[in-house]
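Asks: Turn this into a structure:
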Amino acid sequence: MTSPDPDLADKLAAEAEQAEATRDADLGYRRRRPSGGQSVYGLRLPTERIVQLRRVAEARGVEPSVLARTWMIEQLDRAEAGDRDSDTDRWERDLRATTEHLRDLLDERPGA
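Replies: As a prediction, the model looks like this:
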């Protein structure tokens, strides 16, 4: 085991004394943004999508988290308002038709 660095110990002691002496001092700290009504939600995305998000955000001059949050809120608002785009409707119709077709094929197989 190595012996503690005396200079480091002195610096730590001085910082501790300063912190104790100014315990009740107004530091003038303010949050950058209000936290009222907000929560953090972790979202797992494939690495290539994170790279893509960063690239698009940089091209638009915004932080990736701001862009992702904006997109998420827009999509949630649209979903609750029932405002759907034609691509989504077509995709869902195709998915339902494919699922129904697969069920029919399964029902028609011998021994089903």
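
Asks: Only C-alpha atoms from now on, for both contacts and neighbour counts.
Replies: Fine.

Asks: Would you state the helices of this protein in chain order?
Replies: 6-21, 47-60, 64-81, 86-108 (DSSP state H).

Asks: got those helices as TSV, with mean pLDDT columns?
Replies: Supplementary listing: the helices of the chain in TSV, determined by pLDDT from 0 to 100:
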stretch	mean pLDDT
helix 6-21	87
helix 47-60	95
helix 64-81	91
helix 86-108	88
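
Asks: Mind checking those for the one nearest to Gln38?
Replies: Closest to Gln38 of the helices of the chain is helix 64-81 (C-alpha to C-alpha; 11.6 Å).

Asks: Now do that closest one: which elements does it pack against?
Replies: Contacts defined by 3 or more C-alpha pairs under 8 Å, 6 or more residues apart in numbering; DSSP states H and E place helix 64-81 against helix 47-60.

Asks: And the helix it packs on, what's buried?
Replies: Applying a neighbour-count criterion of 16 or more other C-alpha atoms under 10 Å, one finds Leu53, Arg54, Ala57 buried in helix 47-60.

Asks: that older thread, tabulate the helices of the chain in JSON lines, adding columns for distance to Val40.
Replies: Output for the helices of the chain, formatted as JSON lines (distance: least, C-alpha to C-alpha, whole Å):
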{"stretch": "helix 6-21", "distance to Val40": "31"}
{"stretch": "helix 47-60", "distance to Val40": "18"}
{"stretch": "helix 64-81", "distance to Val40": "11"}
{"stretch": "helix 86-108", "distance to Val40": "28"}
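
Asks: who wins for proximity to Gly37 among these?
Replies: helix 64-81 (14.2 Å).

Asks: can you list the residues that contact the closest one?
Replies: Leu53, Arg54, Ala57, Glu58, Arg84 (C-alpha atoms under 8 Å, 6 or more residues apart in numbering).
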